[in-house]
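K.L.:
model the following, please.
(one chain, ligands or ions: 1)
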Amino acid sequence: MAKVIDGKAISQMIKDEVKQKTEALKQEGIEICLAVIQVGNDPASTVYVGNKKKACAYTGIHSKSYELPEETTEEELLHLINMLNQDASVNGILVQLPLPAHINEDTVIQNISPDKDVDGFHPQSVGRLSIGQRGFLSCTPAGIIQLLKRSNIEIEGKECVVIGRSNIVGKPMAMLLLRENGTVTVCHSRTKNLKEICRRADILVAAVGKPKMIDSSYVKQDAVVIDVGVHRNENNKLCGDVDYDSVFPIAGYITPVPGGVGPMTIAMLMNNCLEAALMQNGK
Ligand code: NAP
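P.N.:
Prediction:
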C-alpha cells in the first residue's frame, strides 16, 4: 500500500518558510510586491487568482490586483505590463492564463520582464532552466521536486517517466528531474508502448490531462506516482489523471487529488516572488 504524499502539509511548510524570509527582508526595508492581472471573468481563473492573493496575504507579500474587462485589447494589456516592468516597487508580474482568444499568450509572456517572470514561462526562464542557471522555475514542476525531496524520495539514478510534454508542466518537469540526476523519459500522445515505458518508472509523473487514465496496469510495484491532473468527475468531485483506487495498493508513494500537487503550485509561486525580490536586490 502506498504512502500518501501530503501536498497540503508540505505546501504549508514552504509558505511558512517564505513568510519568515519575507519578514526578514521587511526588517531590511525590502517589501515584496506581486502584480496579478486577470483579463475577463472566467470563474476558474477568478478562483485561482483569489487563492494567489490569499497566499500573498498569508506570506506577507503585497499583491496589486488588475482586473481587466474581457474586451481589453492586446495592446492595452502590453501597455500595462510595460508599466509594471518599469515600476521598481513591483517584483513579480503574473498574468492569469488562459487569456481571451483575441490576445496572443506567447506575445504577452514574452513581454513580461524576465526579471519579474514569477510564473517561469518566459523563454529566458525556460532557457536558464535548461542550461542550469539560476532563474524562475515553472511552479507546478518545481513543487513536485519539493514533494519528492521533502518526502526523502531519491531522484538521482532513478528511472523517471513523465507523461505529457506541455510547456508549463511536462517539459520543465523533465528538465528538473534531469537536473536532479534522474534518467528521464518523456511520453506524449504519439508515444508507442506507453504502458511498457510507464511500468519501467521508479518515479511516474502523470500530466496527461485525461481523468483517471493511469491505472495499475501502468505502474510498477512500489513506484512513486505523482498525479498532476485536475478534473471534475460526474459527481462534480475532483479527480486526477491517475486512477487512485486502482494504483494505491501497488504504488510505494502516491499524491492524492485534491491535496497533492495542487497546493504546491501556489506555494512555489510565493517562493518565486521571494526569489524575484532577492535577485532584484542582488542577493
Ligand atoms: P496539456 O497541455 O493538455 O498536455 C497534455 C499532454 O499529455 C500533452 O503533451 C499530450 O501529448 C499528452 N497526452 C494526451 N493524451 C495522451 C495519451 N493518450 N497518451 C500519452 N500522452 C498523452 O496539459 P497540461 O497543461 O500539461 O496539464 C496536464 C494536467 O495537469 C491537466 O489535467 C491540468 O489540469 C493539470 N494541471 C494541474 C496543475 C496543478 O497545479 N495541479 C497545474 C497545471 C496543470 P501531445 O503533446 O502529443 O498532444
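K.L.:
I'd say residue 132 and residue 179 touch.
P.N.:
Yes - contact criterion C-beta atoms under 8 Å: residue 132 and residue 179 qualify, at 6.5 Å. Any C-beta I mention is one placed from the backbone N, CA and C, and that applies to glycine too.
K.L.:
for this protein, what's the longest helix?
P.N.:
helix 7-27 (DSSP state H).
K.L.:
for that one, what is the distance to the chain centroid?
P.N.:
Distance of helix 7-27 from the chain centroid (C-alpha atoms, centre = their mean, to the nearest Å) equals 17 Å.
K.L.:
got the buried residues for that helix?
P.N.:
7, 10, 11, 14, 15, 18, 19, 21, 22, 25 (16 or more other C-beta atoms under 10 Å).
K.L.:
residues contacting the first one?
P.N.:
Taking C-beta atoms under 8 Å, 6 or more residues apart in numbering as the criterion, residue 7 is in contact with 143, 147, 255, 256, 259, 260, 261, 262, 263, 264.
K.L.:
might you report the residue contacts of the fifth one?
P.N.:
Spelled out, that is residue 259. Residue 259 touches 6, 7, 8, counting by C-beta under 8 Å, 6+ apart.
K.L.:
just the buried positions in the helix or strand containing residue 45, please.
P.N.:
If you go by DSSP states H and E, residue 45 is part of helix 43-59. The neighbour-count criterion (16+ other C-beta under 10 Å) identifies 45, 48, 49, 52, 53, 55, 56, 59 as the buried residues of helix 43-59.
K.L.:
let's test this: mean pLDDT of that helix, rounded?
P.N.:
Average pLDDT, helix 43-59: 96.
K.L.:
taking the stretch 1-150 of the chain, what residue is nearest to the ligand?
P.N.:
residue 140 (4.2 Å; C-beta to the nearest ligand atom).
K.L.:
shouldn't that residue be in contact with residue 261?
P.N.:
Yes - with contact defined as C-beta under 8 Å, residue 140 reaches residue 261; the gap is 6.4 Å.
K.L.:
need the overlap of contacts for those two.
P.N.:
Going by C-beta under 8 Å, 6+ apart, residues that sit against residue 140 and also against residue 261 are residue 228.
K.L.:
more neighbours, these two?
P.N.:
residue 261 (28 against 22; other C-beta atoms under 10 Å).
K.L.:
contact partners for that one?
P.N.:
7, 140, 143, 144, 147, 226, 227, 228, 255.
K.L.:
how much space between the last one and residue 214?
P.N.:
In this case it means residue 255. Note on residue 255: its distance to residue 214, by C-beta to C-beta, to the nearest Å, is 12 Å.
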